[in-house]
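> Sequence plus predicted model, see below.
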Amino acid sequence: MVLEFKNVSIKFNNQDSEIEVLDNINFSLEEGEIVAIVGPSGSGKTTILNLIAGLLKPTAGEIIASGEIGYMFQRDFLFEWRSIYRNVILGLEIKKKLTEENIERVVTMLKKYGLWDFRNNYPLELSGGMRQRVALIRTLAISPSLLLLDEPFASLDYQTKLRVSEDIYKIIRNEKKTTIIVTHDISEAIAMADRIIVLTDRPARIKKIHPINLKLDEERTPLTARKSETFRVYFNEIWGELNET
Amino acid sequence: MKHSKKYRIARTKLILSQILLFILILTMWELGTRLRILDDFLFSKPSSIASLLWAYIKNHEIFKHIYISLLETVLGIVIGSAAGVFIAVILWASRRLTKLLEPFLVILNALPKTALAPIMIIWAGTGVTGIVVVAISILIVITILSTYNYFINVDSEKIQMMKSFNASKYQVFIKLVFPANLVNIISVVKINIGMAWVGVIVGEFLVSRSGIGNLIMYGGQIFRFDMVMMGVIVLSIFAYLMYEGVNIIEKILIKKRGKGI
């Protein structure tokens, strides 16, 4: 088990009010699994990621996570004063882990995912999709045992979004990363995930956990997943759950 | 960056027009005094200013003044900007200290520092030191406030990203906040050039035996308008050169960032 949430709750204290964001959340992740979290906006999806990353502390309950955690945000946050290569090694640099072995892994990823020729370019010279790939490799460079993706495609236009989610999915599968992806886009969640956790309105509880089994003749990728007949079934079911009052 | 031919022609035309305009003003000034439309005693004329400047260059007198004022200004800019940025870093690192000092900084910023120049010169001495202190006092508070504002306006999500790698506060500053604001700090330094000159000239008005401010002051006291104007012209040339100098430093520092497609 890579991650476990045990009865986790969190409240935010404003100046005069108390907002209950998460209420008694329980779930766990198996190695190599991709889990998507969907829920109404403001339901605390990102809060779950911030808790896992240690950027927030739970008010009650326990989070068990082992190993490095890689966090990829909605925007790429590449530093425009650093070359692509120097952006990718940022995490290693911060963690003082610029070892030969780690650098070699970064170089391999840059080559494998079509960014090696751009290593000396600067972020402003790259397209949105490429930048997102750079951001993912920056996250993977520290070899996290758990990958957190927060709406990773929300800032891209529809065409790019489909292409980039295809790319990112393949990279994650290739590197066999256990992943949590937070999204408000139901079809994106079904296209990418092995399991989908549906949250309720705030204070968020887990409404349902769907294991996703798509019947496919070809290899599963986000694009082929969208063609499956079962895709629509899941979509309608989850759509219904999100719109129940 | 390569410019198109059309762009270069337009640019050359603009510069030529600016030179022509400058010559036109000088000619009108010269003619005005020669034809006695303007009073020569009150307004002087370009030719007498030029010949006075030439005389000062020939007997090397002008270089002594330039040297001393330039020294004071550069010291004022370098020490004032460096100390100002350093204090802004400390404020950025400690929110509590910022809250404590904020009202004092705001008051200091609103205060007309030149009014305190006489006292500062008495405190710090009448030589170069005193004048440098006046220059620093004029630019340091605004340097602190504007640099601090730039620092705290760095995207907080970028800081979160750094923290997700367990970055320390020091790393957040060195790898994110400082490089993200390098261009802003340089623009603060550019503004400081003008402010340091104000401090130096005011200081030299009050106490000095040489310097461009002293030259202007002395010229005014003996009603030599050509001497005053000569001082002002030398002053503007060097202020401009310093500005261009900072521009060159800026280009070297940020040339490697890519221009976008």
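Now that the structure is in, tell me what you want to look at. Numbers count the residues shown, from 1 in each chain, chains lettered A, B, ... in the order given.
> what does the stretch 51-200 of chain B have sitting close to chain A?
B:155, B:157-158, B:160-167, B:171, B:175-176, B:179-180, B:182 (Cβ under 8 Å from any Cβ of the partner chain). Heads up, the C-betas are built off the backbone N, CA and C, glycines and all.
> now do the same end-to-end measure for stretch A:36-54.
19 Å (Cα to Cα, to the nearest Å).
> ditto for stretch A:80-100
Stretch A:80-100 end-to-end distance (Cα to Cα) = 25 Å.
> Closest residue of chain A to chain B?
In chain A, the residue found nearest to chain B is A:Tyr122; the distance is 2.9 Å by Cβ to the nearest Cβ.
> neighbours around that residue, how many?
Neighbour count for A:Tyr122, taken as other Cβ atoms under 10 Å in any protein chain shown: 21.
> thought it was touching A:Ile84?
Yes. With contact defined as Cβ atoms under 8 Å, A:Tyr122 counts as touching A:Ile84 (7.3 Å).
> Which helix or which strand is home to A:Ile209?
For A:Ile209, the host element (DSSP states H and E) is strand A:206-211.
> who's in contact with that strand?
A:25-27, A:194-200, A:234, A:237-238, A:241 (Cβ atoms under 8 Å, 6 or more residues apart in numbering or on different chains).
> show me what contacts A:Arg82?
A:Leu90, A:Tyr122, A:Pro123, B:Pro179.
> can you pull the contacts of the last one?
Right, B:Pro179. Contacts of B:Pro179 (Cβ under 8 Å, 6+ apart): A:Phe79, A:Trp81, A:Arg82.
> Need phi/psi at the closest residue to the first one other than its chain neighbours.
Among residues not flanking A:Phe79 along the chain, A:Asn87 sits closest, at 5.9 Å (Cβ to Cβ, 6 or more residues apart in numbering or on different chains). Torsion angles at A:Asn87 (phi, psi; degrees, to the nearest 10) stand at phi -70, psi -40.
> now the strands: where do they sit in chain B?
Secondary structure of chain B (DSSP state E): no strands located.
> Break it down into its structural domains.
B:1-43, B:60-257 (automatic domain parsing).
> Show me what counts as buried in stretch A:234-244.
Residues A:Tyr234, A:Glu237, A:Ile238, A:Glu241, A:Leu242 are the ones in stretch A:234-244 that count as buried (16 or more other Cβ atoms under 10 Å in any protein chain shown).
> Reformat those residues into a markdown table and put pLDDT and distance to B:His60 next to each item.
Below are the buried residues of stretch A:234-244 laid out as a markdown table (pLDDT from 0 to 100; distance: Cβ to Cβ, whole Å):
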| residue | pLDDT | distance to B:His60 |
| --- | --- | --- |
| A:Tyr234 | 91 | 89 |
| A:Glu237 | 90 | 91 |
| A:Ile238 | 90 | 86 |
| A:Glu241 | 88 | 89 |
| A:Leu242 | 86 | 84 |
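> For chain A, what lies in contact range of chain B?
A:53, A:55, A:69-71, A:73, A:75, A:77, A:79-82, A:90-91, A:93-95, A:121-125, A:142.
> Helices - which of those land there?
A:Leu90, A:Gly91, A:Glu93, A:Ile94 (DSSP state H).
> low pLDDT regions in chain A?
For chain A, the stretches flagged by pLDDT under 70 are A:245.
> after the longest helix that it contains comes which helix or strand?
Longest helix of chain A, by residue count under DSSP H: helix A:158-174. Using DSSP H and E, the next helix or strand after helix A:158-174 towards the C-terminus is strand A:178-183.
> That next one to helix A:158-174, inter-axis angle?
Relative orientation of strand A:178-183 versus helix A:158-174 (axes from the mean of the first three to the mean of the last three Cα atoms, to 10 degrees): 160 degrees.
> For the helix or strand that strand A:178-183 is followed by, enumerate the helices and strands it packs against.
Using DSSP H and E, the helix or strand that directly follows strand A:178-183 along the chain is helix A:186-192. Using 3 or more Cβ pairs under 8 Å, 6 or more residues apart in numbering or on different chains; DSSP states H and E as the contact test, the elements touching helix A:186-192 are strand A:34-38, helix A:158-174, strand A:178-183, helix A:222-227, helix A:229-243.
> and the helix or strand following helix A:186-192, what other elements does it pack with?
Counting by DSSP H and E, the next helix or strand C-terminal to helix A:186-192 is strand A:195-199. If you count contacts as 3+ Cβ pairs under 8 Å, 6+ apart, strand A:195-199 packs onto strand A:34-38, strand A:206-211, helix A:229-243.
> Quickly run through the sheet partners of strand A:195-199, with directions.
Partners of strand A:195-199 in the sheet, by DSSP bridges, are strand A:34-38 (parallel), strand A:206-211 (antiparallel).
> Show me the residue at the heart of the chain, geometrically.
Went with chain A since none was named. A centroid search over chain A (Cα atoms, centre = their mean) returns A:Leu149, at 1.7 Å, as the residue closest to the centre.
> nope, chain B
B:Ile193 (1.0 Å).
> what about the spatially closest residue to that one that is not a sequence neighbour, distance to A:Lys57?
In space, and not counting its chain neighbours, B:Ile193 is closest to B:Met242: 5.0 Å by Cβ to Cβ, 6+ apart. Counting by Cβ to Cβ, to the nearest Å, the gap from B:Met242 to A:Lys57 is 51 Å.
> Neighbour count for those two, which is higher?
Using other Cβ under 10 Å, the more surrounded residue of B:Met242 and A:Lys57 is B:Met242, with 21 against 9.
> what sits against that one?
Contacts of B:Met242 by Cβ under 8 Å, 6+ apart are B:Thr73, B:Val74, B:Ile77, B:Ile193.
> cool, B:Asp39 as well?
B:Asp39 neighbours (Cβ under 8 Å, 6+ apart): B:Thr33.
> that older thread, so which of the strands paired with strand A:195-199 comes closest to B:Met229?
strand A:34-38 (73.4 Å; Cβ to Cβ).
> which residues are in contact with the closest one?
Applying Cβ under 8 Å, 6+ apart, the set of residues contacting strand A:34-38 is A:27, A:29, A:45, A:48, A:172, A:178-186, A:188-190, A:192-199, A:238, A:242.
> got it, and stretch A:183-191?
Residues contacting stretch A:183-191 (Cβ under 8 Å, 6+ apart): A:36-41, A:45, A:151, A:153-154, A:161, A:165, A:169, A:181, A:196, A:212, A:214, A:222-223, A:225-226, A:231, A:234-235, A:238-239, A:242.
> Just the endpoints, please. Distance across stretch A:173-183?
19 Å.
> chain center to it, what's the gap?
From the chain centre to the centre of stretch A:173-183 is a distance of 6 Å (Cα atoms, centre = their mean, to the nearest Å).
> shaky segments in chain B?
Ranges of chain B meeting pLDDT under 70: B:1-3, B:256-261.
> and the longest helix for it?
helix B:61-93.
> Just the buried residues of that one, please?
B:62, B:65-66, B:68-70, B:72-77, B:79-81, B:84-85, B:87-89, B:91-92.
> that older thread, show me which of the residues of chain A next to chain B are buried.
A:53, A:69-71, A:73, A:75, A:77, A:79, A:81-82, A:90-91, A:93-95, A:121-123, A:125, A:142.
> Quick one: mark the members of those that sit in strands.
A:Ile69, A:Gly70, A:Tyr71.
> Just put the residues you listed in JSON lines and tack on distance to B:Ile216.
Conversion of those to JSON lines gives the following (distance: Cβ to Cβ, whole Å):
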{"residue": "A:Ile69", "distance to B:Ile216": "65"}
{"residue": "A:Gly70", "distance to B:Ile216": "63"}
{"residue": "A:Tyr71", "distance to B:Ile216": "60"}
